[in-house]
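Participant: Make a model of this:
(one chain, ligands or ions: 1)
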Amino acid sequence: MSQQPQSAVGAPLSRVDGRLKVTGQAKYAADHDIEGVVHAVVVDSSVGRGRITGIDTRDAEAQPGVLKVITHLNAPRLAYHDTPAGIRPPGQRLRVFQDDAVRFFGQPVAVVVATTLEVAQHAADLVRVSYDAEQSATDLNDSPAQDGPRPFTQPYSRGDAQQALASAEVRKDLTFRTSRNHHNPMETHATVARWNGDKVTLWDKTQHVLGTRNEIASVFGVPPENVRVLSPFIGGAFGNSLRTWPHVTIAALAAREVGRPVKISLTRRQMYFTVGYRPAYEYKLSLGSTRRGRLTAMTHEMKYETSRYEQFWEANRALGQMLYAVPHVSQTIQIVPLDVSTPLWMRGPGYSNAAFAIESAVDELAHELGIDPIELRLRNEPAADESTGQQFSTRRLTECYRVGAREFGWSRRNPRPRSTRDGDWLIGTGVATGCYDVVRGQAQAHARLDADGTAVVQSATHDTGTGTYTSMTQVAADALGLAVRQVTFRLGDSAMPPAPPQGASQTMLSVGSAVQDTCDKLRQQAITLAVEDERSPLHGADAGDIVVRGGRLHVKGNPTRGETYRQLLARNNRTHLEARGSYTPEAESRFSMYGYAAMFAEVAVDARLGMVRVRRMLGVYDAGRIISPKLAESQAIGGMVGGVGAALLEHTVTDHRDGRIVNADLADYLVPVNADIPDLKAVYLEGEDYRADPIGVKSLGELVQIGVAPAIANAVFHATGRRVRELPITAEALL
Ligand code: MOS
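Facilitator: Got it, this is the predicted structure:
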């Protein structure tokens with residue numbers, strides 16, 4: 001921990017990049033109008049499985065302004081080196097324009113490059129593709145065995161769950177289903193690619209500039225240092241920019257083929273084809289319990305979809321193993337290959353669906369046993385992580401529930417379902433636990449203090465809207481002893497010191513710790529310079545006694561003895577000082593580290609129409625130290641809104657006849673709008689977790705989404721007496 005006074009960290013700062021965003025000066029990927037740029041439009045397959053038998057590009061090519069139409073018939077063979085590059089599931093990634101196979105509806109089959117976007121769009125419509133189509137399989141619940149990666153199971157077990165279930169005093173066997181969801185960020189994917197010899201620069205929407213750099217290098221068979229990826233601003237992503245998708249390769253390929261910079265901007269419809277989604281799940285859960293509500297057994301059978309060419313995995317097992325004290329647990333996972341594109345992590349990945357099943361089931365058990373659902377959870381609170389035997393670094397779930405119950409007025413609740421009415425509306429309340437891993441990644445940063453007393457700190461991290469620019473500025477400002485306005489944080493450039501993907505809520509912890517280390521080193525350098533400088537008022541002082549505040553170094557407890565960075569650097573004829581620092585998590589963590597949430601929801605269900613309205617929500621979080629309270633609150637509200645979507649609205653609908661996504665637009669794919677969102681309240685428990693990392697933070701961005709849907713589902717049950725085990729909960733299910 002830094003001994004520096006902390007004044008920026010913990011302050012409710014507004015975003016340092018807020019003005020750039022609201023005035024339109026923040027440049028997102030598609031905003032980069034590189035000199036000489038031309039436009040590419042992707043043609044998508046209109047069948048869900050089969051072979052391309054012919055592509056007629058003559059009409060397209062005849063359009064004035066069309067530079068080239070690229071298909072598998074004329075595309076160069078690309079290297080597609082099989083080295084581990086970025087974040088990729090096992091299997092063989094989709095290779096663009098390398099063969100005639102159609103693997104899913106909407107697969108890129110051609111790209112038209114033209115001098116204007118309008119010409120490219122028009123010409124793309126004129127490309128005629130003929131197919132030899134086969135029946136595609138896209139339904140998780142009805143999937144014939146076909147070729148492709150073999151489904152596999154990853155069994156886990158402790159104790160003897162089957163035996164314990166068989167002899168349990170109370171037993172529940174439940175099947176939950178969740179639908180496919182798309183991330184649907186406001187900013188659509190875009191890439192601008194520009195080659196210079198065998199070096200390429202990409203302005204791209206990505207949550208991992210280094211992953212994109214490595215992927216493009218391996219696809220084109222060039223060294224990673226020949227690829228530079230820039231991603232200064234991101235308009236939301238929720239996970240779907242963690243991989244380098246086909247359109248990025250297409251942009252680079254097209255740019256190389258036409259010898260000019262190329263821009264690709266996916267349409268909203270194309271956002272449903274090749275940029276990932278939360279896979280549909282079937283989750284069979286059996287619980288065994290004593291009559292007094294002590295869990296004795298849990299079995300989890302998970303089944304979810306993947307593509308035939310890659311085996312998508314996500315962390316869906318932890319909750320079943322560590323959330324409750326349960327002596328007997330078994331888990332199996334079946335990953336079902338279908339004629340679909342590969343899924344990708346979406347906010348709260350894996351945990352979110354597991355929490356819906358587990359936290360709904362626990363609520364069902366509580367109802368059956370006549371035990372308050374919070375009380376039931378407290379009775380099954382584990383003393384340690386039963387999956388590893390490790391002590392928790394911090395676990396304050398009980399406190400989350402205590403604070404939340406008081407704040408929400410839980411004690412006033414009549415536990416009987418369908419007991420509260422407000423006119424036509426049935427009113428209900430529900431709770432559920434949220435919990436997410438503390439993922440830690442290696443990160444580095446660089447800091448430079450200039451003679452004018454301002455600093456620039458940088459790391460190849462990202463800001464998907466989470467507020468990284470701001471939170472890193474806060475950490476840096478305190479460690480350097482500068483005001484926030486004297487510090488500039490830069491990110492989103494693969495040439496900067498390496499950082500992990502902005503995923504799995506690891507950025508604040510990992511990059512934040514690296515930024516602090518870097519700025520600590522830089523401050524120490526300045527202090528050393530001062531105490532060794534005979535002309536400094538600090539000459540001969542103990543370096544450990546010196547703090548920096550407002551850009552001025554002074555002896556702790558004696559503010560008059562000191563000088564500013566500017567004075568120090570000027571006298572020493574230094575234009576700047578600089579330092580590089582890092583964060584590396586220990587190889588084996590000694591503790592079990594998770595963030596926790598208690599989610600509370602109140603809903604109103606129209607007794608005749610089945611319509612569900614969320615009336616209020618409260619989240620109480622144990623997320624470790626909060627660097628940036630305003631941003632943390634914003635994350636929590638966003639997580640609740642996302643959870644309302646998952647619970648009540650979001651559902652990617654596929655026409656299983658041909659694999660077409662029916663609602664591939666924001667008119668038909670429902671996401672919550674302002675009118676769907678009531679008063680939301682977020683409370684973060686004060687505290688820190690220095691066992692997790694040097695800055696005491698845990699994880700937050702995923703955590704706030706997990707537990708929202710089951711809290712709403714449990715409230716719907718309490719309101720109506722109707723248990724819906726399928727997301728989204730629709731009016732039809734409640735009629
Ligand atoms: Mo998050 S789903 O890892 O962007």
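
Participant: how does this structure divide up, domain by domain?
Facilitator: 18-23+441-583, 32-134+186-236+241-274, 281-439+589-734 (automatic domain parsing).

Participant: Which residue ranges of the stretch 401-550 of the chain form helices?
Facilitator: Residue ranges of the helices in the stretch 401-550 of the chain, as given by DSSP state H, counting those that start in this stretch, are 468-480, 507-531.

Participant: Including mean pLDDT, mean neighbour count and distance to the ligand, could those helices go into CSV?
Facilitator: (C-beta placed from N, C-alpha, C; glycine too.) Converted to CSV, the helices of the stretch 401-550 of the chain look like this (pLDDT from 0 to 100; neighbours: other Cβ atoms under 10 Å; distance: least, Cβ to the nearest ligand atom, whole Å):
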stretch, mean pLDDT, mean neighbour count, distance to the ligand
helix 468-480, 98, 27, 12
helix 507-531, 98, 25, 10
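
Participant: How about the residues of the stretch 501-650 of the chain by the ligand?
Facilitator: G503, A504 (Cβ under 6 Å from any ligand atom).

Participant: where are the low-confidence patches of the stretch 501-650 of the chain?
Facilitator: By pLDDT under 70, the stretch 501-650 of the chain has no low-scoring segment.

Participant: same check, this time on the stretch 1-150 of the chain
Facilitator: Using pLDDT under 70, the stretch 1-150 of the chain drops low at 1-2, 83-87, 143-150.

Participant: Give me the distance between V258 and K205.
Facilitator: 22 Å (Cβ to Cβ, to the nearest Å).

Participant: helix or strand for R88, which one?
Facilitator: Under the criterion DSSP states H and E, no helix or strand holds R88.

Participant: Equivalent analysis for H39, please.
Facilitator: Counting by DSSP H and E, the element that carries H39 is strand 38-44.

Participant: Go ahead and name everything in contact with whichever helix or strand comes after that strand.
Facilitator: Sequence order places strand 50-56 as the next helix or strand after strand 38-44, per DSSP H and E. With Cβ atoms under 8 Å, 6 or more residues apart in numbering as the test, strand 50-56 has contacts from 45, 71-73, 100-102, 109-110, 127-134.

Participant: neighbour-wise, which of V258 and K205 wins?
Facilitator: Remark: of V258 and K205, K205 carries more neighbours, 30 against 18, as counted by other Cβ atoms under 10 Å.

Participant: Show me the residue of the stretch 301-450 of the chain that gets nearest to the ligand, please.
Facilitator: Residue of the stretch 301-450 of the chain nearest the ligand, by Cβ to the nearest ligand atom: W345 (3.9 Å).

Participant: so who does the closest residue to that residue other than its chain neighbours touch?
Facilitator: Once flanking residues are discounted, W345 sits nearest to G239: 4.2 Å by Cβ to Cβ, 6 or more residues apart in numbering. With contact taken as Cβ under 8 Å, 6+ apart, G239 is in contact with H183, Q207, G276, L344, W345, M346, R347, P349, G503.

Participant: what about the last one, neighbour count?
Facilitator: In this case it means G503. The tally of other residues near G503 (other Cβ under 10 Å) stands at 27.

Participant: For A361, see how far away V329 is.
Facilitator: V329 sits 13 Å away from A361, going by Cβ to Cβ.

Participant: And A29, by the same measure?
Facilitator: According to Cβ to Cβ, A29 and A361 sit 42 Å apart.

Participant: residue contacts, the residue of the stretch 601-735 of the chain found nearest the ligand?
Facilitator: Relative to the ligand, the nearest point of the stretch 601-735 of the chain is E702 (6.0 Å; Cβ to the nearest ligand atom). By Cβ under 8 Å, 6+ apart, the contact set of E702 is R347, G348, P349, Y351, Y436, A504, S505, G639.

Participant: Now for the fifth one, how many residues are close by?
Facilitator: Under the neighbour criterion other Cβ under 10 Å, Y436 is assigned a count of 31.

Participant: Name the residues linked to it by a beta bridge.
Facilitator: When assigned by DSSP bridges, Y436 has beta-bridge partners G595.

Participant: give the contact list for it.
Facilitator: Taking Cβ under 8 Å, 6+ apart, we find Y436 in contact with G348, Y351, S505, Y594, G595, S699, E702, L703, I706.

Participant: Can you tell me which residue of the stretch 51-200 of the chain sits closest to the ligand?
Facilitator: Closest point on the stretch 51-200 of the chain to the ligand, by Cβ to the nearest ligand atom, is H183, at 8.2 Å.

Participant: So what's the residue count around that residue?
Facilitator: If we define neighbours as other Cβ under 10 Å, then H183 has 20 of them.

Participant: try the one 5 residues further on
Facilitator: By other Cβ under 10 Å, 19 other residues sit near T188.

Participant: gap between the closest residue to it other than its chain neighbours and V9?
Facilitator: Nearest residue to T188, sequence neighbours excluded (Cβ to Cβ, 6+ apart): L266, at 5.0 Å. L266 is 38 Å from V9, where distance means Cβ to Cβ.

Participant: repeat for R294
Facilitator: Distance, R294 to V9, by Cβ to Cβ: 42 Å.

Participant: Which one of the two is surrounded by more residues?
Facilitator: With neighbours defined as other Cβ under 10 Å, R294 and V9 compare such that V9 has more, 26 against 16.

Participant: May I have the residues that are in contact with that one?
Facilitator: V9 neighbours (Cβ under 8 Å, 6+ apart): Q474, V475, D478, R625, I627, S628.

Participant: how much space between it and the ligand?
Facilitator: Per Cβ to the nearest ligand atom, to the nearest Å, V9 is found 24 Å from the ligand.

Participant: would that residue count as being in a strand?
Facilitator: No. Secondary structure of V9 (DSSP: H, G, I helix; E, B strand; the rest coil): coil, not part of a strand.

Participant: Do a quick rundown of the helices in the stretch 101-250 of the chain.
Facilitator: Assigned by DSSP H, counting those that start in this stretch, the helices in the stretch 101-250 of the chain fall at 117-126, 161-166, 209-220, 246-258.

Participant: can you list these in TSV and add distance to D689?
Facilitator: Below are the helices of the stretch 101-250 of the chain laid out as TSV (distance: least, Cβ to Cβ, whole Å):
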stretch	distance to D689
helix 117-126	49
helix 161-166	32
helix 209-220	27
helix 246-258	36
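
Participant: right, and those helices - which one's nearest L577?
Facilitator: Of all the helices of the stretch 101-250 of the chain, helix 209-220 sits nearest to L577, with 26.6 Å by Cβ to Cβ.

Participant: angle of the closest one against helix 246-258?
Facilitator: On the basis of axes from the mean of the first three to the mean of the last three Cα atoms, to 10 degrees, helix 209-220 is oriented at 50 degrees to helix 246-258.

Participant: Strands of the stretch 251-400 of the chain, start to end?
Facilitator: Assigned by DSSP state E, counting those that start in this stretch, the strands in the stretch 251-400 of the chain fall at 262-265, 281-289, 295-307, 328-338.

Participant: for the first one, packing partners?
Facilitator: Read that as strand 262-265. strand 38-44, strand 190-196, helix 246-258 (3 or more Cβ pairs under 8 Å, 6 or more residues apart in numbering; DSSP states H and E).

Participant: before we move on, the earlier item: widest-spaced pair of the contacts of E702?
Facilitator: Farthest pair in these, by Cβ to Cβ: A504 and G639, 14.4 Å.

Participant: which of those two has more neighbours?
Facilitator: Ranked by neighbour count (other Cβ under 10 Å), A504 and G639 place G639 first, with 28 against 22.
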